[in-house]
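# what's the 3D shape of this:
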Amino acid sequence: MTSDTALRDPLTIAESWHAEGRSVAIATVIETWGSAPRPVGSHLVIDGEGNFEGSVSGGCVEGAVITEALDVIESGAAKMLEFGVADETAWRVGLSCGGRIRVHVERLG
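Sure, this is the predicted structure:
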């Protein structure tokens, strides 16, 4: 891994933010079905101010994940999120392509 790649790695960024004293949550794609924009293992890191790096999907899904991550940072309780076309919210969050994803969100530290 080059240093430039390491600097963009969401987990490296999460570690750095945590070391700076920021509250941090990590969202990880743990399952996908059908068409999904990001593979299993993709990460999005979010701090308590709503800053984020990485990607778990794109579009409105990431907005929803960031909102949930802020709740996780506040409460300390991890969450399992699922987005897909079977949900009435699928079109609203941008999953009109026929895929589904499951994302685990947990607070770091």
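
# from here on, just use CA atoms for contacts and neighbour counts.
Will do.

# any buried residues in the strand or helix carrying I46, and which?
Under the criterion of DSSP states H and E, I46 resides in strand 43-47. Residues of strand 43-47 classed as buried under the neighbour-count rule (16 or more other Cα atoms under 10 Å) are 43-47.

# hmm, who's touching that strand?
With contact meaning Cα atoms under 8 Å, 6 or more residues apart in numbering, strand 43-47 is reached by 10-11, 13-14, 17, 22-29, 52-56, 66, 69-70.

# quick check: mean pLDDT across that strand?
Per-residue pLDDT over strand 43-47 has a mean of 98.

# check which helices and strands the longest strand seen in the chain is in contact with.
In the chain, assigned by DSSP state E, the strand with the most residues is strand 24-33. Secondary-structure packing of strand 24-33 (3 or more Cα pairs under 8 Å, 6 or more residues apart in numbering; DSSP states H and E): helix 10-19, strand 43-47, helix 59-75, strand 100-107.

# paired strands for the shortest one, with orientation please.
Same thing as strand 43-47. In the sheet, strand 43-47 lines up against strand 24-33 (antiparallel), strand 52-54 (antiparallel) (DSSP bridges).

# list the contacts of the nearest residue to W17 once chain neighbours are set aside.
The spatially closest residue to W17, leaving aside those adjacent along the chain, is V24, at 7.1 Å (Cα to Cα, 6 or more residues apart in numbering). Contacts for V24 (Cα under 8 Å, 6+ apart) come out as 14, 17-18, 45-48, 73, 107-108.

# what about the closest residue to A25 other than its chain neighbours, how many residues nearby?
Among residues not flanking A25 along the chain, R107 sits closest, at 4.2 Å (Cα to Cα, 6+ apart). Neighbours of R107 under the rule other Cα atoms under 10 Å: 23.

# and R107, what pLDDT?
At R107, pLDDT is 98.

# likewise for P37?
Residue-level confidence at P37 comes out at 82, pLDDT.

# tell me how far the strand holding I46 lies from the chain's centre.
Strand 43-47 sits 6 Å away from the centroid of its parent chain (Cα atoms, centre = their mean, to the nearest Å).

# quick check: which ranges of this protein have low pLDDT?
Of all residues in the chain, those with pLDDT under 70 make up the ranges 1-7, 85-98.
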